[in-house]
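Peer 1: Sequence below, structure please.
(2 chains)
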Amino acid sequence: AQSVTQLDSQVPVFEEAPVELRCNYSSSVSVYLFWYVQYPNQGLQLLLKYLSGSTLVKGINGFEAEFNKSQTSFHLRKPSVHISDTAEYFCAVSGEYNNNDMRFGAGTRLTVKP
Amino acid sequence: NAGVTQTPKFRVLKTGQSMTLLCAQDMNHEYMYWYRQDPGMGLRLIHYSVGEGTTAKGEVPDGYNVSRLKKQNFLLGLESAAPSQTSVYFCASSLLAGPSSYNEQFFGPGTRLTVL
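Peer 2: Predicted coordinates for the structure are as follows:
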């Protein structure tokens, strides 16, 4: 089965600063990769996904992520964060041929300070 | 179009009690999922269903049962609740999943369950 490690449990940044949330995965098969965002007391919302093709994927709210197969990473970036980006972010992986079994990382809490 | 809804939003149980969580989706999705979310552990898949009348075990199925009698509903049951089942439960659905297919899961708002 696949697994995901999010390297930072908490990331505090100041408004308008850049941010990177790190995600590494482990799998013996080809994978699909996802980033989800969870605002307080809400369900998860898809930010972006990598299925195939270009390794740089762009998502909603100005976020982007880069798939690096050799480093088994899928880091999430935003060049300038806003207060409204404060949330919990989850990296997730599923096998290309069994993507019912999606594995999530433990989450990274991004706190944007004024 | 309500998307994915969950009932109830909050519940407190005593050890040994039983209850059923209801998930409903109005997007005609084939696949439905139940997850639990615990601090520092992200979401873990409990059970899932690939269509009406079918269910399968996920990563942490013990202590839970599920049923998918109608395509739009996915029920999660706790027959004898334990404090270890205190968690936030999320339901999700997706249009399809399979080789080389896109599998965006749409999540409900969650049910916060406390077992005393």
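Peer 1: Which parts of the chain are strands?
Peer 2: You didn't pick a chain, so chain A it is. Here chain A has its strands, by DSSP state E, at A:3-6, A:10-14, A:19-21, A:23-26, A:31-38, A:44-50, A:56-58, A:64-68, A:73-78, A:87-95, A:98-104, A:108-113.
Peer 1: could you do chain B instead?
Peer 2: Counting by DSSP E, the strands of chain B are B:4-7, B:10-13, B:19-25, B:31-38, B:42-51, B:54-57, B:65-67, B:73-78, B:87-94, B:106-107, B:111-115.
Peer 1: Just the buried residues of the first one, please?
Peer 2: This means strand B:4-7. Of the residues in strand B:4-7, B:4, B:6 count as buried by neighbour count, 16 or more other C-beta atoms under 10 Å in any protein chain shown. In this view, the C-beta of every residue, glycine as well, is placed from N, C-alpha and C.
Peer 1: and that strand, which strands flank it?
Peer 2: Looking at strand B:4-7 with DSSP bridges, its partner strands are strand B:19-25 (antiparallel).
Peer 1: Same check on the longest one?
Peer 2: Listed by DSSP bridges, the sheet partners of strand B:42-51 and their directions read strand B:31-38 (antiparallel), strand B:54-57 (antiparallel).
Peer 1: Reformat these as TSV; add mean pLDDT.
Peer 2: Output for the strands paired with strand B:42-51, formatted as TSV (pLDDT from 0 to 100):
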stretch	mean pLDDT
strand B:31-38	94
strand B:54-57	94
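Peer 1: Pipe those strands into a markdown table and attach mean neighbour count per row.
Peer 2: Output for the strands paired with strand B:42-51, formatted as a markdown table (neighbours: other C-beta atoms under 10 Å in any protein chain shown):
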| stretch | mean neighbour count |
| --- | --- |
| strand B:31-38 | 24 |
| strand B:54-57 | 14 |
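Peer 1: Let's have those in CSV, adding distance to residue B:18.
Peer 2: Shown next, in CSV, are the strands paired with strand B:42-51 (distance: least, C-beta to C-beta, whole Å):
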stretch, distance to residue B:18
strand B:31-38, 16
strand B:54-57, 18
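Peer 1: To residue B:114, which of the ones you listed lies closest?
Peer 2: strand B:31-38 (12.7 Å; C-beta to C-beta).
Peer 1: ok, residues contacting the closest one?
Peer 2: Under the criterion C-beta atoms under 8 Å, 6 or more residues apart in numbering or on different chains, residues A:100, A:102, A:104, B:21, B:23, B:25, B:43-51, B:58, B:60, B:64, B:66, B:68, B:74, B:76, B:85, B:87-97, B:103, B:105, B:110 lie in contact with strand B:31-38.
Peer 1: before we move on, what about stretch B:45-54?
Peer 2: By C-beta under 8 Å, 6+ apart, stretch B:45-54 touches A:100-103, B:30-36, B:55-61, B:64-66, B:68-71, B:74, B:76, B:89, B:97.
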